[in-house]
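> Fold the following, please.
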Amino acid sequence: MIASEAFAFTEIASLRIDPIYRGEGVPRGDGRLVVIIPGLFGSDFYLWPLRRWISRIGFRACTSGLWVNAGCPDRLTSDIQKWIERQEPRHDRPLVLIGHSRGGLLARALAVRLGRRVSHLVTLGSPVGLVSAFAQHGNVPPIAHPTMSTVWNASNAARRILDPQCRFPDCGCEFVDNMRASLAPETTVLSIYSREDPIVPPQASIVTGARNVEVTGTHSGLVYNPAVYRELARSLP
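Okay, the predicted model is just below:
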């Protein structure tokens, strides 16, 4: 199943020739800051097509400031928050958070910390629904999914190397509280996922009270998927 992720390259090719990527028929944005957060073991580099498009349609695209999304989630969330404050020091201006895969978890925690400043929270192929439900209720059974379990174990291994003092999720840190807390009523939530995703099962991405949208395609390719761009064009203005 993981081999299907190679088709992400075809999604990049499809995006580049799609009218949506040229911004045709897309409402213009209002210049607000849009922070895009990479997935596990990813950097800002692979997200440049999405940032380029966000800028093209009238928003101010911004990287996460992370050199790699690995390690203690509380540290990473704090690092991104500091980066955002440098990019947009005025607290009266709304901003948008977009997170791919594990980046969606960090985006969700950030949305709680930034409160009503976040107009939109968008997650792409992220297990944010499952993790939030577990944090809130503590009795949500884990989804039997071998690939997600393997990825979770790899994430934990990297965390132990990069942040040996981190005891997540048993530490009771601010990140755990953020995943448990409710979002500000001003924040619109959109979760986009793929039924064909071999890494994050679709049911893990369903967020109660959000607009949940299913598309077709790979997990990695969600950040290049023209259907995802169409959903963003409908939701962000």
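
> For the rest of this, base every contact and every neighbour count on C-alpha atoms.
Fine.

> and His120, which of the three is it?
strand (DSSP: H, G, I helix; E, B strand; the rest coil).

> who's it bridged to?
Beta bridges link His120 to Val96, Thr188 when assigned by DSSP bridges.

> Need the pLDDT of it.
Looking at His120, its pLDDT stands at 98.

> Check Pro38 too.
Note on Pro38: pLDDT of 98.

> what residue ranges in this protein score low on pLDDT?
For the chain, applying pLDDT under 70 flags the ranges 1-7, 137-146.

> which stretches of it form strands?
Assigned by DSSP state E, the chain shows strands spanning 33-37, 60-62, 95-100, 118-124, 188-194, 211-215.

> could I get those as a markdown table with distance to Val68?
What follows is these, written out as a markdown table (distance: least, Cα to Cα, whole Å):
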| stretch | distance to Val68 |
| --- | --- |
| strand 33-37 | 10 |
| strand 60-62 | 15 |
| strand 95-100 | 13 |
| strand 118-124 | 18 |
| strand 188-194 | 23 |
| strand 211-215 | 27 |
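
> can I get these in CSV with mean neighbour count and distance to Pro202?
What follows is these, written out as CSV (neighbours: other Cα atoms under 10 Å; distance: least, Cα to Cα, whole Å):
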stretch, mean neighbour count, distance to Pro202
strand 33-37, 25, 20
strand 60-62, 21, 27
strand 95-100, 25, 14
strand 118-124, 25, 11
strand 188-194, 23, 6
strand 211-215, 16, 8
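
> That'll do, ta.
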